[in-house]
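Peer 1: Structure here, sequence nowhere to be found:
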DNA sequence: GATGAATGAGCGTTCATTCAT
DNA sequence: GATGAATGAACGCTCATTCAT
């Protein structure tokens, strides 16, 4: 949790710190991200950073649970699906919001992607990751269950298997597919912040449709 | 590459070292795995370990590319699908072999799972990981393409999206689903080597069928 | 290159570190010089040393190429030979400056002497050593060639042999001769920082004259 | 001192060990020479080497003080100057023997050269080096003193300076000059065992004459 | 006598965190 | 509140030597 001191900072200085931290945590896994690089890039002293945050883990946690989440919400909220929309519409909206956010805010999206994949987390941070995953799972589980009740989904579909599929598809799988579309490896994509910008909105939509189509109709002839 | 010294060791000692290394690398990502813990658990001196392997990376690489691979091959080879089998049979066999291996050799399966997800790898090891992924992708891509030509798959399915789905489902997703069936988190499963043993073969088969069913028919009503 | 941190240190602390490092590198060849001994003698932590310098090699390089060089320049600059001086005058000045420096700053002179002789250098440091030698050789070669053209040297003298002689005489040979005059072995001289102070300036001059005399007239009857 | 066991070895095995050790100690300074490489090259076990010699230092010492010395003696003894020869003849013989030995037995010559220059020696070995140097100095000192009495040398030449010159010229300086003639650095020469073979006997003689000429007549016009 | 596996002290280096100024 | 110098535990790795077989 940042101290009040942090919020009393001038907006520009605060943003400089945030940007430096986002860049660092986006370009290296947690264990390899260096506070030294962050303070250098932000132009603040190490002591100051420790007055704003309780340490490396605290900074990282805040970035993910507060900053990234709020940005994501803002970006996604704009295009929320109409209430009562079918599960397919909801999923398509979610996918589109995801790929659009990745294309618009590559560093932040990378940060989120790293978080999902990162294994180097302190136990404390791992708990945050698990909680995050649990929430997504709960949301998907409810979405699919109610869809099944509305007969939008086959009654004999294994919900937990479907949740697993979508969880991946909305998270790491999305970046994986983006990378594939761009003809680059996932690693290369993570190292190239604005690569996603090369895809225009139509291409993003086509990608999303391919995924939802597979999920809806399966691959069988 | 282990030195010949390593293979001249008594089988029990060699196995002690392998087990200690597998446990360590399975329970912590590469960067956090400590040689000290391995030598302590194995009851050998640090110097000895360095006479067997060229270093941490060498030990890890051997464990993955030689030891794990050979164990996996032995486990999977037994139940290879008949030649000319349909894509569904092939996939089902692959899935079953995977979950059975995970249930039979949980530590090794964990090791493999970590490897796929690990971000902290030395460049050299990262190359091994990418190569491994590329091979899996190529195999799946060919499998699906020829199936499509045989009209076992819909002609308008996006192969690369389908490959992405299967890649995940056969790798990390498999452990994820196993964890879900056992009612535990993936992390808990990774920390509980013999948890998978609680599922009997019928349950494993049911799990596999749920996944292939989703892939074949989709979730749509 | 030392960090700015190093130069922000109090002069006394900085000097303590320099002295400790000079002593260590002067009393043991590079490969056997221990950072532990330096930090102990300087009374700083190992981590601090690493904030000042990039490592052992960096500290050593700076000591030689910056610190020693600047001290030497200061010491030698005072008594530069007049422009247009004969080769004999130039050489005598160079020798005198050398022996006086060795007598005045024995530890530093030892450091330089070790550097010239040391075989255990990292490739990077070895390059510095070779460059240093090449510069000295070029300077001497030019000095002797132009002297030959001015007929201060015999026309049939083999310049490269003469350069070899002077290179040694101005470097390691100088300490060797100093040791001989003091009736001790070179090793003993290197281990006794202020032994050189026992020779007064007249004796130093006599030593220099003996060397230049041999070089000028030869030993033949 | 090698154990009697060593001398009971078959000549071929003994020579294999010697050659491997010479090669290793010739191609790296003492501290960087590895026993592992020697036993590998010689095809003997490490334990055996420790039964022949008391350790690394013992092997090195024997190689220098017994083996190299005897080989040198054999090579030089053949062309000893006639009794009662002038100092110039004696020196020329000594120089020629030296350069010829270097050209004929490059590895051994390198070993000797390394020994003279090496700073990484154990105290015990350093004593051997000092003793060796002292003997050479004594021989030269006596040679020059008696020559001076016979008026072959100027009466006012500083013997100790002249000894210093010759000591260098006959040792490291010789290799230095050889390297210069071959157009390579000393380091390159040490790394290229048979480079010296490129100079024919006439060229070697010319080199020797250049040096003795400088020593006899000086460089002055 | 020969073997080669075992040893362990010791090295240079890293980096999140602390705290005096 | 801001600074940045100080810290030190911990890591991967080396290699001459020992000693049971």
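Peer 2: Arrived safely. All figures in this text were calculated on a predicted structure; none of them were measured in a lab.
Peer 1: contacts and neighbour counts: CA atoms only from here.
Peer 2: Noted.
Peer 1: Okay, domains of chain A per the record?
Peer 2: A:4-62, A:64-217 (automatic domain parsing).
Peer 1: Which residue is it, in chain A, that comes closest to chain D?
Peer 2: Residue of chain A nearest chain D, by C-alpha to the nearest C-alpha: residue A:32 (33.5 Å).
Peer 1: Lowest average pLDDT across the domains of chain A?
Peer 2: Of all those, the minimum mean pLDDT falls on domain A:64-217 (a mean of 87).
Peer 1: follow-up on the earlier one: just give the nearest non-adjacent residue to the residue of chain A closest to chain D, would you?
Peer 2: Using C-alpha to C-alpha, 6 or more residues apart in numbering or on different chains and skipping residues adjacent in sequence, the residue nearest residue A:32 is residue B:120, 7.8 Å away.
Peer 1: Three-state assignment for the one you found, please.
Peer 2: On the three-state scheme (DSSP: H, G, I helix; E, B strand; the rest coil), residue B:120 is labelled coil.
Peer 1: Report how many residues lie close to the residue in chain A positioned nearest to chain C.
Peer 2: Closest approach between chain A and chain C, counting by C-alpha to the nearest C-alpha: residue A:36, at 11.8 Å. Residue A:36 has 11 neighbours, counted by other C-alpha atoms under 10 Å in any protein chain shown.
Peer 1: before we move on, what about residue A:132?
Peer 2: Residue A:132 - counted by other C-alpha under 10 Å - has 13 other residues nearby.
Peer 1: What strand or helix carries it?
Peer 2: Residue A:132 belongs to helix A:123-149 when assigned by DSSP states H and E.
Peer 1: The residue of chain A closest to chain C is in contact with residue A:46, isn't it?
Peer 2: Yes. Counting by C-alpha atoms under 8 Å, residue A:46 is a contact partner of residue A:36 at 7.4 Å.
Peer 1: Straight-line length of stretch A:167-176, end to end?
Peer 2: 13 Å (C-alpha to C-alpha, to the nearest Å).
Peer 1: and what of stretch A:194-209?
Peer 2: One end of stretch A:194-209 sits 23 Å from the other (C-alpha to C-alpha).
Peer 1: Going by neighbour count, list what's buried in that stretch.
Peer 2: A:195, A:196, A:199, A:204, A:205, A:207, A:208, A:209 (16 or more other C-alpha atoms under 10 Å in any protein chain shown).
Peer 1: Go through the residues you listed and say which is closest to chain B.
Peer 2: Nearest to chain B among those is residue A:207, at 8.5 Å by C-alpha to the nearest C-alpha.
Peer 1: ok so, going back, for the domains of chain A, give me CSV that also has distance to residue C:126.
Peer 2: Formatted as CSV, the domains of chain A follow (distance: least, C-alpha to C-alpha, whole Å):
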stretch, distance to residue C:126
domain A:4-62, 31
domain A:64-217, 37
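Peer 1: Of those domains, give the one that comes closest to residue D:175.
Peer 2: Closest to residue D:175 of these, according to C-alpha to C-alpha: domain A:4-62, at 49.6 Å.
Peer 1: Next up, identify which helix or strand the residue in chain A positioned nearest to DNA strand F is on.
Peer 2: For chain A, the residue closest to DNA strand F is residue A:47, as judged by C-alpha to the nearest atom of the strand, at 2.6 Å. Using DSSP H and E, residue A:47 falls within helix A:46-52.
Peer 1: Run a quick neighbour tally on the residue nearest to residue A:149 when sequence neighbours are not counted.
Peer 2: Ranked by C-alpha to C-alpha, 6+ apart and with sequence neighbours excluded, the top spatial neighbour of residue A:149 is residue A:155, at 7.9 Å. Neighbours of residue A:155 under the rule other C-alpha under 10 Å: 16.
Peer 1: now swap in residue A:9 and tell me
Peer 2: 12.
Peer 1: what's the answer for residue A:51, then?
Peer 2: Quick note: residue A:51 (other C-alpha under 10 Å) scores 15 neighbours.
Peer 1: And for residue A:214?
Peer 2: Using other C-alpha under 10 Å, residue A:214 has 25 neighbouring residues.
Peer 1: hmm, back to that, the residue nearest to residue A:149 against residue A:148, yeah?
Peer 2: Yes. The pair residue A:155 / residue A:148 is scored as a contact, 6.0 Å apart, by C-alpha under 8 Å.
Peer 1: Now do the helices in chain A.
Peer 2: A:4-8, A:11-27, A:35-42, A:46-52, A:56-62, A:69-77, A:87-104, A:106-117, A:123-149, A:159-170, A:172-182, A:186-191, A:201-217 (DSSP state H).
Peer 1: In CSV, list the ones you listed along with distance to residue D:10.
Peer 2: Shown next, in CSV, are the helices of chain A (distance: least, C-alpha to C-alpha, whole Å):
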stretch, distance to residue D:10
helix A:4-8, 80
helix A:11-27, 63
helix A:35-42, 63
helix A:46-52, 69
helix A:56-62, 66
helix A:69-77, 79
helix A:87-104, 75
helix A:106-117, 63
helix A:123-149, 64
helix A:159-170, 70
helix A:172-182, 67
helix A:186-191, 60
helix A:201-217, 77
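Peer 1: Residue D:213: which of those is closest?
Peer 2: Closest approach to residue D:213 among these is made by helix A:35-42 (63.3 Å; C-alpha to C-alpha).
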